[in-house]
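>>> Sequence below, structure please.
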Amino acid sequence: MSNKDILENLKELEQYSHGDDSAAEVRTITVEVPSITAGDLKLFRKRLNITQQALATFLGVSVKTVQNWESGRNHPNASARRLIQLLDKNPKLIDSIFILK
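Predicted coordinates for the structure are as follows:
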């Protein structure tokens, strides 16, 4: 990207910040939140070899909440499902949050 391109982009950004969206290009991106069944969640946790307590702590919910998800009484909300998806794709992420002994 040249200096000229950068300056043009900055000018467009400034115009946009003042309400002029004539040069703006709007893109809509739809990202589906994964669905997770009670069985999926149990397998996921066992595959990572973590307790319900550790998963609850990682997700910022109570152990009772995780128990209810795993029994099928309740279901994780979209935010929890997204965090579970991220942890599933990168299990080492849990190590960066807390040190497991």
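>>> Going along the chain, name the helices of this structure.
Using DSSP state H, the helices of the chain run over 3-17, 38-48, 52-59, 63-71, 78-89, 93-97.
>>> Contacts for the shortest one, please.
Applying CB atoms under 8 Å, 6 or more residues apart in numbering, the external contacts of helix 93-97 come out as 48, 50, 54, 58, 86-87, 100. (C-beta placed from N, C-alpha, C; glycine too.)
>>> Tell me which residues of that helix come out buried.
By 16 or more other CB atoms under 10 Å, the buried positions in helix 93-97 come out as residue 94.
>>> In the protein, what helix or strand scores lowest on average pLDDT?
helix 93-97 (a mean of 78; mean pLDDT, DSSP states H and E).
>>> can you give me the offset of that one from its chain's centre?
14 Å (CA atoms, centre = their mean, to the nearest Å).
>>> and which of the contacts of helix 93-97 is nearest to residue 7?
Set against residue 7, the nearest of those by CB to CB is residue 86 (36.9 Å).
>>> how close does the nearest residue in space to that closest one that is not next to it in sequence get to residue 59?
Counting by CB to CB, 6 or more residues apart in numbering, residue 86 lies nearest to residue 93, which is 6.4 Å off, once chain neighbours are set aside. Residue 93 is 12 Å from residue 59, where distance means CB to CB, to the nearest Å.
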